[in-house]
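Student: make a model of this:
(2 chains)
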Number of protein chains: 2
Amino acid sequence: MKVCIIGATGHTGYVFEGLSGEDAPVLAGIAPGSPGESIDGLYRDSIDRGFSPERFDDYMEMLSKLKPDIAAVACYFSDHAKVAAQALKMGIHVFVEKPVATTLEDLEMLKEVHRDSGVHLCAMLGLRYEPSFRTAWKAVKDGKIGSVRLMSAQKSYKLGSRQDNFKKRETYGGTIPWVGSHAIDWLYWIGGEKFESVRAAHSTMHNRDHGELEMSALCHFTFSNQVFGSVNIDYLRPSRAAGHGDDRIRAAGTEGVIEVRGGKIYLMNNDTDGMIELPLEDGQPIFADFVKQVKGQGECLISAGDSFMITEASLKARQSADENRIIVF
Amino acid sequence: MKVCIIGATGHTGYVFEGLSGEDAPVLAGIAPGSPGESIDGLYRDSIDRGFSPERFDDYMEMLSKLKPDIAAVACYFSDHAKVAAQALKMGIHVFVEKPVATTLEDLEMLKEVHRDSGVHLCAMLGLRYEPSFRTAWKAVKDGKIGSVRLMSAQKSYKLGSRQDNFKKRETYGGTIPWVGSHAIDWLYWIGGEKFESVRAAHSTMHNRDHGELEMSALCHFTFSNQVFGSVNIDYLRPSRAAGHGDDRIRAAGTEGVIEVRGGKIYLMNNDTDGMIELPLEDGQPIFADFVKQVKGQGECLISAGDSFMITEASLKARQSADENRIIVF
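Tutor: Have a look, this model is predicted:
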């Protein structure tokens, strides 16, 4: 089985993590996915990790020549949909950075192409595979907190100094889709309800010369069965802090409360002695899970439907913030 | 100086905490504030604490006869505004449970009466005096996190089994004003910005035979300068959990992050070694602070303007949830 990587902007590391072990795919080729995107770093990284991909300037030429089973798409975010659609049309399975599109029009186009393709697609919502979030999801599924009623999730990142493609809405897509989509996914995945409406707000103020990049955002989702969820997103984490991010979710249910914070998971219900820490489920490389599905050996944790839904929710939240109104799903 | 308590439903304990020490007011009388409200428990409590108030059935008779300097109003929530207004009209200073009104019409009436009264009013937003929140406010004021950009606050309570006045919107006013107003106040007080709009949602589902009482709620506020804040509110805390509530706020600013959780306060900025715990400022009885203002010895931490503003914000959030739309201030 052969995989090609298109682009060097998103989480290409997910692919590398899934390339070890027996029967793992071979990294056959790499190419940029967007005009002006450099893959020098990605190439060096590939070599350092012991792979020897063929290097292309044109990803279409690469796909035609190498005929990979899987294309991993991680170029400038606004090109995800176009590149993914081209691969799908060639019958190539697609592992694509989230958001899978940065406009609702591109998303519709991609959904349609996927519908007709007969191949698989999975967005890089890799945090579902983090032991703490995976354990939270399992605990909720196992009924530890009863029916989920209210959730709040957080993504807080360091800003650092980001490439030019982060500074323009046209290439970046916005902080809600790029950073927030993970947390929006937790609400959807752990809450298990359907999106009904969203009200969001975002601000580019104090973004330290990062053009159109939003530094802070807040989303308020309503779901089926009167379940509600908030997502707060910021790039305000102090540069000196340990670690890049501070990912959290709290879910309160009819029988208890669960919380992920600092990579740990806590549960409180009427069977526990206060807030207890739960042992973590094993993690798993996301790409290996997708490869398993491509091989017909089971379902990947992130379906194409999930990938599209989270992108839609992120883009509708962004639209709500841009237009200062409630968007109904 | 004499104080009378009207009603036995809200936080009358705040009054008792402020009655010790030299020059403290004397508890002269108690009376119910709402039809059907029992003050038996309050009377016993007064005696147990060593006070000997005169007991009345009619608070107007009590005010006329005892001519107190201060009336503490804590009856059924929907009667706060009417009772407070009656006391103000008699030139009596008012210490009143929050929300100070349960309708915007009552709030306007009370504001007008207060404007003409020449006496002081303070809402029982007692959590401003809790050491952790007070320390958070001071740290923000001292510039420890720069300009506040994004906040999220939480109120989570045990439901237990509540009196009938909690089960009807007409007497209860709603969970957002009753429970949420504290957290809405933290956003306002710590953020230091003006309310601009609110989107909220609430649900009575799974309320264990509590009629119209909302079990969960979520509010999304936008403030001046593109500052945003969420408040999540629930009665879902397991009955076996230690302590009644789980009060929190996190505020992320241009220079750092501050967080109150579990009665402690944490700060992270580029001068700290990761997230550090701050020593707590001293607490102070809220009622004693109000008495000081009544005596002309300084400003109370909670102004009448704050009391009205937080009530307005709570009622507009409730309206947003009821009408499923954004309310602009």
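Student: how far away is A:Ile5 from chain B?
Tutor: 34 Å (C-beta to the nearest C-beta, to the nearest Å). Glycine gets a C-beta too; all of them are placed from N, C-alpha and C.
Student: and A:Thr171, that's in a helix?
Tutor: Yes: using DSSP: H, G, I helix; E, B strand; the rest coil, the secondary structure at A:Thr171 is a helix.
Student: test my guess that it contacts A:Arg162.
Tutor: No: with contacts counted by C-beta atoms under 8 Å, A:Thr171 stays clear of A:Arg162, the gap being 11.3 Å.
Student: A:Arg208 and A:Ser161: what is the separation?
Tutor: For A:Arg208, the distance to A:Ser161 equals 8 Å [C-beta to C-beta, to the nearest Å].
Student: more neighbours: which of these two?
Tutor: A:Arg208 (12 against 9; other C-beta atoms under 10 Å in any protein chain shown).
Student: would the more buried one count as being in a helix?
Tutor: No: read with three-state DSSP, A:Arg208 is coil and lies in no helix.
Student: neighbours around the residue nearest to it when sequence neighbours are not counted, how many?
Tutor: Closest residue in space to A:Arg208, ignoring its immediate chain neighbours: A:Leu159 at 6.3 Å, by C-beta to C-beta, 6 or more residues apart in numbering or on different chains. The number of residues packed near A:Leu159 is 18, by other C-beta under 10 Å.
Student: is it true that A:Leu159 touches A:Tyr235?
Tutor: Yes: using C-beta under 8 Å, A:Leu159 is in contact with A:Tyr235, at 4.1 Å.
Student: now tell me which helix or strand of chain A has the poorest mean pLDDT.
Tutor: Lowest by mean pLDDT, DSSP states H and E among the helices and strands of chain A is helix A:13-17, with a mean of 93.
Student: show me what the helix or strand following it is packed against.
Tutor: The helix or strand immediately downstream of helix A:13-17 is strand A:26-31, counting by DSSP states H and E. Judged by 3 or more C-beta pairs under 8 Å, 6 or more residues apart in numbering or on different chains; DSSP states H and E, strand A:26-31 is in contact with strand A:2-6, helix A:40-48, strand A:54-55, helix A:59-66.
Student: could I get the ones you listed as CSV with mean neighbour count?
Tutor: Shown next, in CSV, are these (neighbours: other C-beta atoms under 10 Å in any protein chain shown):
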stretch, mean neighbour count
strand A:2-6, 27
helix A:40-48, 14
strand A:54-55, 14
helix A:59-66, 17
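Student: could I get the ones you listed in JSON lines, plus columns for distance to A:Asp185?
Tutor: Shown next, in JSON lines, are these (distance: least, C-beta to C-beta, whole Å):
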{"stretch": "strand A:2-6", "distance to A:Asp185": "23"}
{"stretch": "helix A:40-48", "distance to A:Asp185": "25"}
{"stretch": "strand A:54-55", "distance to A:Asp185": "33"}
{"stretch": "helix A:59-66", "distance to A:Asp185": "27"}
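Student: for these, give me CSV that also has mean pLDDT.
Tutor: Shown next, in CSV, are the helices and strands packed on strand A:26-31 (pLDDT from 0 to 100):
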stretch, mean pLDDT
strand A:2-6, 98
helix A:40-48, 95
strand A:54-55, 98
helix A:59-66, 98
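Student: ends of stretch A:189-209, how far apart?
Tutor: Terminal residues of stretch A:189-209 are spaced 35 Å apart (C-alpha to C-alpha, to the nearest Å).
Student: from the chain's centre, how far out does it sit?
Tutor: 14 Å (C-alpha atoms, centre = their mean, to the nearest Å).
Student: can you check stretch A:108-123 too?
Tutor: For stretch A:108-123, the distance to the chain centre is 17 Å (C-alpha atoms, centre = their mean).
Student: in chain A, which helix has the most residues?
Tutor: Ranked by residue count and defined by DSSP state H, the top helix of chain A is helix A:304-323.
Student: returning to that earlier point: from the contact counts, what lies against the least confident helix or strand of chain A?
Tutor: Short answer (3+ C-beta pairs under 8 Å, 6+ apart): helix A:13-17 packs on helix A:286-294.
Student: need the strands for the stretch 201-329 of chain A, in chain order.
Tutor: In the stretch 201-329 of chain A, the strands defined using DSSP state E, counting those that start in this stretch lie at A:216-223, A:227-234, A:248-253, A:256-261, A:264-269, A:276-277, A:327-328.
Student: below-threshold pLDDT in the stretch 151-300 of chain A: ranges please.
Tutor: Along the stretch 151-300 of chain A, the model assigns pLDDT under 70 to no residue.
Student: for stretch A:129-149, buried residues please.
Tutor: By 16 or more other C-beta atoms under 10 Å in any protein chain shown, the buried positions in stretch A:129-149 come out as A:129-137, A:139-140, A:144-149.
Student: check stretch A:12-32 too.
Tutor: A:12-19, A:25, A:27-32.
Student: just those now: which is nearest chain B?
Tutor: A:Gly13 (25.0 Å; C-beta to the nearest C-beta).
Student: relative to B:Asp79, how far out is that closest one?
Tutor: Taken as C-beta to C-beta, the span from A:Gly13 to B:Asp79 is 62 Å.
Student: can you read off the pLDDT for A:Gly21?
Tutor: On pLDDT, A:Gly21 comes in at 82.
Student: thinking again about what came up before, shared neighbours of A:Leu159 and A:Tyr235, anything?
Tutor: A:Asn207, A:Met215 (C-beta atoms under 8 Å, 6 or more residues apart in numbering or on different chains).
Student: so is A:His11 in a helix, a strand, or just coil?
Tutor: Quick answer, by three-state DSSP: A:His11 is coil.
Student: contact partners for it?
Tutor: Counting by C-beta under 8 Å, 6+ apart, the residues that A:His11 touches are A:Ala74, A:Glu97, A:Met124, A:Gly126.
Student: so which of the buried residues of stretch A:129-149 are in strands?
Tutor: The members of those that map onto strands under DSSP state E are A:Val148, A:Arg149.
Student: from the buried residues of stretch A:129-149, which ones fall inside helices?
Tutor: A:Pro131, A:Ser132, A:Phe133, A:Arg134, A:Thr135, A:Ala136, A:Trp137, A:Ala139, A:Val140.
Student: any idea how chain A splits into domains?
Tutor: A:2-119, A:130-283+A:303-328 (automatic domain parsing).
Student: relative to B:Cys300, which of the ones you listed is closest?
Tutor: Across those, B:Cys300 has its closest neighbour in domain A:130-283+A:303-328 (31.2 Å, C-beta to C-beta).
Student: what's the end-to-end length of the closest one?
Tutor: Start-to-end, domain A:130-283+A:303-328 (C-alpha to C-alpha) is 31 Å.
Student: need phi/psi at the residue most central in space within chain A.
Tutor: Centroid-nearest residue in chain A, with C-alpha atoms, centre = their mean: A:Leu125, separated by 3.0 Å. Note on A:Leu125: its backbone torsions stand at phi -80, psi 60 [degrees, to the nearest 10].
Student: give me the pLDDT value at it.
Tutor: 96.
Student: next one: the nearest residue to A:Leu63 once chain neighbours are set aside relative to A:Val83, how far apart?
Tutor: Leaving out its chain neighbours, the residue that sits closest to A:Leu63 by C-beta to C-beta, 6+ apart is A:Met90, at 5.8 Å. Counting by C-beta to C-beta, the separation of A:Met90 from A:Val83 is 11 Å.
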